[in-house]
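Asker: A structural model of the following input is requested.
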Amino acid sequence: MINTSKNRVVITGMGVVAPNAVGVSAFAKALQEQTSGIRFDPQLAELNFGCQVSGTPQITEELLLENFTALQLRGLKASGLVYGVIAAKEAFADAGLKIAPKEEALSEIGIIFGTGQSGGEKFREAIHLIDDGRVRRLGSTSVIQTMTSGISAWLAGELGCGNMVTSNSSACCTGTEAFLMGYERIAAGKATQMLVGSTSDSGPYIWGGFDAMRILPTRYNEDPQNASRPLSNDAAGFVPGSGAGAFILENLESAQKRGAKIYGEVLGGSVNSGGHRGDGSMTAPNGKAVQDCIQLAMKDAQIESKDIDAINGHLTATSKDAFEIKNWTEALDRKESNFPTINTFKSLIGHCLAAAGSVELVGAVLQLKEQRVYGNSNITDLHGDISDLVDAAALPLQTKNMKINVLAKASFGFGDVNACVILKKFDRLET
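Answerer: This is a model prediction of the structure:
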């Protein structure tokens, strides 16, 4: 199962800002206890959104001051940048890495940190100032708050990373794609460590378009915790969410030399697109491409379908959940009682959009490390098309301990894009 033709890559640090918890240990507890981070959102109600609930991370003033100077906080309105910096700094510290001295950058450490739309609130402020002829009031940080690569550039300056520093943007696949891009760079010997992850802004200027498309739930404004219902027959649309997830990926040799904590190993993965062909479109997945992505990921990881013990799916609480399960069964050629255990965290955190893959990957890695699967919440009646394909036992409703050697995590995004990564429990005896 181990590919010796390329450098082995392990996970040595993690950080997370999620709607139901901030910090990896708090997030693990929230997932284990199935604590929801979905709340009534007064701003959405004030603006007459149909959906008036959201998964918005709760950031304290104390946490802001731990991660930003008073000067940096002046005029800082890009919530996604805030989430990303907090998560990334946690991952960096968790891995036991040291910030570069002022004289020289860390040439072996790079950053790939993605985002979707950046700085929505800052854009709004900028538009008003420019239209009022007050362009000089924009401030010196308006560019970094609104450019896609602002988050990776900010982090490079904070930490002193001198390898590849960039940002990717692939809708809901962004975080999983960034993770794989960092993995590939280390596997190819072009970096020793990579800080990877993704972030997403909060607020109506990010979520408004989805509300206009009528794909968000509108019947749960007074019952927020039950609004996100993946896999359930009464799923009513995805709840908008936001946050950030971050990882330090590292060459195994370097990690062992440092005596670093190892969460798990990255065996491989795949990224592709359905090209809006077949049953694919801007908003719908091409099923064949989804299956190809899963199968290519297994091929890259040098595993077989039977090796997969658990799946953390994309599963957004829309009409496409059953189609996703169908694609998994066909890609793996495993159905009914032979299907792996599968779960989704979106019932607890909503759909974090560009941050979804990275936030959920933190949960997936925790499952691998802790040898447990967090329960699926809000399934009152398993969708009939799903129960026809797999046994209900494959979708546990409560957190349970189980042996997980190999876990697959996938993200399928707006624009008919797909990403799948294969993770393995790290066994020091195999090295």
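Asker: now Glu304: closest residue in space that isn't a chain neighbour?
Answerer: Taking C-beta to C-beta, 6 or more residues apart in numbering, and ignoring the residues beside it in sequence, Glu304 has Met298 as its nearest neighbour in space, at 6.9 Å. C-beta coordinates here come from the backbone N, C-alpha and C atoms, glycine included.
Asker: can you pull the contacts of the one you found?
Answerer: The neighbours of Met298, taking C-beta atoms under 8 Å, 6 or more residues apart in numbering as the test, are 304-305, 308, 408, 422.
Asker: again, but for Val16
Answerer: If you count contacts by C-beta under 8 Å, 6+ apart, then Val16 has 22-24, 27, 87, 90, 243-246, 359, 362 around it.
Asker: could you do Ile248 as well?
Answerer: Residues 11-14, 91-92, 94-95, 97, 193-195 are the ones in contact with Ile248 under the rule C-beta under 8 Å, 6+ apart.
Asker: and Asp309, how many neighbours?
Answerer: 17 (other C-beta atoms under 10 Å).
Asker: isn't it up against Ala408?
Answerer: No: counting by C-beta atoms under 8 Å, Asp309 stays clear of Ala408, with 9.1 Å between them.
Asker: list residues touching both of these two?
Answerer: Applying C-beta under 8 Å, 6+ apart, one finds that Asp309 and Ala408 are jointly contacted by Pro340.
Asker: rewinding a little: now the contacts of Val16 as a markdown table including neighbour count?
Answerer: Putting the contacts of Val16 into a markdown table (neighbours: other C-beta atoms under 10 Å) gives the following:
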| residue | neighbour count |
| --- | --- |
| Val22 | 24 |
| Gly23 | 19 |
| Val24 | 24 |
| Phe27 | 27 |
| Ala87 | 33 |
| Glu90 | 21 |
| Gly243 | 36 |
| Ala244 | 36 |
| Gly245 | 35 |
| Ala246 | 36 |
| Val359 | 33 |
| Val362 | 29 |
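Asker: from the contacts of Ile248, which land in helices?
Answerer: The members of the contacts of Ile248 that map onto helices under DSSP state H are 91-92, 94.
Asker: for those residues, which one is nearest Ala235?
Answerer: Ala91 (32.3 Å; C-beta to C-beta).
Asker: number of residues surrounding that closest one?
Answerer: Burial of Ala91, expressed as a neighbour count using other C-beta under 10 Å, amounts to 26.
Asker: over to Met282?
Answerer: Counted by other C-beta under 10 Å, the residues lying close to Met282 total 9.
Asker: before we move on, what about His351?
Answerer: The number of residues packed around His351, counting by other C-beta under 10 Å, is 28.
Asker: need the pLDDT of Arg137.
Answerer: The predicted local distance difference test score for Arg137 is 80.
Asker: I'd say Gly15 and Leu97 touch.
Answerer: No: Gly15 is not in contact with Leu97 according to C-beta under 8 Å; the separation is 11.9 Å.
Asker: looking at these two, which is more packed in?
Answerer: More neighbours sit around Gly15 than around the other of Gly15 and Leu97, counting by other C-beta under 10 Å; the figures are 29 against 21.
Asker: ok, the closest residue to that one other than its chain neighbours - contacts?
Answerer: Excluding its sequence neighbours, the residue lying closest to Gly15 (C-beta to C-beta, 6+ apart) is Glu90, at 3.0 Å. Shown in contact with Glu90 (C-beta under 8 Å, 6+ apart): 13-16, 23-24, 246.
Asker: burial count for the closest residue to Trp328 other than its chain neighbours?
Answerer: On the basis of C-beta to C-beta, 6+ apart, the spatially nearest residue to Trp328 that is not a chain neighbour turns out to be Ile311, at 6.5 Å. Other residues lying near Ile311 total 24 when counted by other C-beta under 10 Å.
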